[in-house]
Every structure is written in C-alpha cells, then in structure tokens.
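**Student:** Task: produce atomic coordinates for the following.
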Amino acid sequence: MLERLNQALDHLEACLDREVDMAEVARIAAVSEYHFRRLFSTLAGMPLPVYVRRRRMTLAGAEVLAGELTLLDVAVRYGYGSGEAFARAFRSVHGIGPGEARRTGAVLTAQPRMSFRVVVEGSTTMRYRIVEKESFRIVGRKARVPLVHEGVNAAAAAHVESLDEQAIVRMKELPADREPQGILSAAVYLTDSREEGTEVDYWIGVATGPEAAAEELDALDVPAGTWAVFDNRGPYPSALQGLWRDVFTQWFPSNPYASRPGPELLRTQPVEIGAETDSQLWIPVERGSGSAGA
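**Tutor:** Next up is the predicted model:
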C-alpha cells in the first residue's frame, strides 16, 4: 500500500500546475478519497490541501525569484485566476507578497516533496479483531474539543468533569447489551484533518439500541458497519495516543482495510494520569479495494 501511496503523491506532484483531481489521486492509491485524505493527514501531520498549497507555493516561489515570468504568468501557471488570489496564497506560505519577494530577493519557505516509507522498530504489536455491528445509538453528552496528540486533553477532561450525577445515572440505566459495553467516549471528526488543534465532537455516553430514548441527553445514531477493534494496555493517556497513531501509520498501510466515516469509540476505565489501564479502541473501517502488500 505504501508503494501506491507514493505513486499517488507522484501523480499529485505532476498536477501542481493545474487543478488536482483528488478522486483520481485516491484511485491511484487504491483507497477512497475520504480514506486517502485522513491517511495522508495522519502520516504527514497536515491536511492534504495544506500540503498541496505549500508545494505549489514552493514551486511558485522559485519562479518568482527567478524573474523569467511575470507575476501574473506565475499565478496563472499554478491555477490562480487573479494576481490577488495568488498573492494571498503566496503570503500565507512565505509571509511576504510575491512582488516584494521578487524586489528584495527574500528568503522563502520551502515545503519538501513527501514520500512515505516503513520504519521498522520491532517494538509495537497490535491485537485486533474485525466486528460487524448492527446500527446503534450513542446516548450521552457531547462537547466540541480540540484534538491533542500528546498529553492530557484539558478540554476533554473538563467535559468529563462537567457531567452531573443525574446524567451519569441516566446513562447507566440505559440498556447496554451490545459492545462496547459500559460508559465510553467517542470522537466524531468534523473534517478529514488530524492536525493538532482540529476540532472534534467528543462524546461521553453508552452504546445502546437505535430505539433508545435520549430524553434529556444527546443522541448520535450510528449506522451498521464494520469495525476494527484494538485491545491495549499501558499508561494513560500516552499508550492510547500511541495506539491511535500506530493504527493509522502502521496498521492501515499493512492491512486491506480503509477508514470510513463514523465515530471512533474508546472504552477505558478512568485512572490517574500515568497509571496502567486496559482499553479498547473501535475504528470504523471498510474493506479496501486493493491488497495491503500491493
């Protein structure tokens, strides 16, 4: 799969001087466009559109400094219909306008061309199973919080602390006769970005039947689908954050599955920071169109 990802990036690179057909890029990678965007964001640490803009402005910056084309010609070459739009994009990457950069020979910012490769560490194993789940409903309380890659997520912790006893009692009264059982958390991504600070809807609730009444609580209806379930044990929350990273950077590229839209579920016991705990991570997946090793 990594070979196909790199072929997709080669195609993207060849299209920087025109509109990029992201559906075609994803087709080359043999995954859905949704999965390609999320996989790229996780592997690269930035959303795909940001990378494309930075690469375009890297190439455009070299031509601006070379002085062989007019600024409008450079703008048109990289897909901008006006000098003003080009100047805004140029400034967002380089911190300076193209005209001033040409006049002063300014130092510009370069985004290197990316490629992906496997780094074998030999220290990470992941226990997982594939589960087909019928439709269900998450009933609980949600809050919008920023994504935090390492350490305690203060906003998520504050949301947990804000739960009143009545809400917790109501959650525990709901029938929870399906996996994952008990009170759990769920992350619903609002965009395809996994960049630090990206906002997500963070739920605390229970997985119950689709007909369950929410009453004074919030409800999220989840359609039937396939889930990859990962068991984990380690210090909280670093082990979980490491598992989340490894699922997208190691497990997906090595297995014939792609992520699909849906909440990512986590069942864990509340513990002190740094304490060992058992956890279970549920990721919505679909069978990929190509084999993992291709």
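**Student:** what is residue 284 paired to in the beta sheet?
**Tutor:** Per DSSP bridges, the residues bridged to residue 284 are residue 227.
**Student:** Could you do residue 221 as well?
**Tutor:** According to DSSP bridges, the residues that bridge with residue 221 are residue 137.
**Student:** Likewise for the one 10 residues further on?
**Tutor:** With DSSP bridges as the criterion, residue 231 is bridged to residue 127, residue 280.
**Student:** isn't it right up against residue 240?
**Tutor:** No: using CB atoms under 8 Å, residue 231 is not in contact with residue 240, being 11.6 Å away. In this view, the C-beta of every residue, glycine as well, is placed from N, C-alpha and C.
**Student:** between those two, what contacts are shared?
**Tutor:** Taking CB atoms under 8 Å, 6 or more residues apart in numbering as the contact rule, residue 231 and residue 240 both touch residue 279.
**Student:** Those two - which one has more neighbours?
**Tutor:** Between residue 231 and residue 240, counted using other CB atoms under 10 Å, residue 240 has the larger neighbour count: 18 against 13.
**Student:** Enumerate every residue touching that one.
**Tutor:** Residues in contact with residue 240 (CB under 8 Å, 6+ apart) are 232, 234, 266, 268, 279, 281.
**Student:** repeat for residue 143
**Tutor:** 155-156, 159, 162, 201-202.
**Student:** a helix runs through residue 91, doesn't it?
**Tutor:** Yes: using DSSP: H, G, I helix; E, B strand; the rest coil, the assignment for residue 91 is a helix.
**Student:** Please name every helix or strand in contact with the longest helix along the chain.
**Tutor:** Ranked by residue count under DSSP state H, the longest helix found in the chain is helix 48-66. Where contact means 3 or more CB pairs under 8 Å, 6 or more residues apart in numbering; DSSP states H and E, helix 48-66 is packed against helix 33-44, helix 71-77, helix 83-94, helix 98-104.
**Student:** how does it look with 10 Å?
**Tutor:** On a contact count with 3 or more CB pairs under 10 Å, 6 or more residues apart in numbering; DSSP states H and E, helix 48-66 meets helix 2-14, helix 22-29, helix 33-44, helix 71-77, helix 83-94, helix 98-104.
**Student:** now, of these, which is deepest in the fold?
**Tutor:** helix 33-44 (a mean of 21; mean count of other CB atoms under 10 Å).
**Student:** Which other helices and strands does it contact?
**Tutor:** For helix 33-44, the packing partners by 3+ CB pairs under 10 Å, 6+ apart come out as helix 2-14, helix 22-29, helix 48-66, helix 238-246, helix 252-254, strand 257-259, strand 276-287.
**Student:** Would you reformat the ones you listed as CSV and include distance to residue 113?
**Tutor:** CSV is the format used below for those (distance: least, CB to CB, whole Å):
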stretch, distance to residue 113
helix 2-14, 6
helix 22-29, 15
helix 48-66, 7
helix 238-246, 23
helix 252-254, 19
strand 257-259, 24
strand 276-287, 29
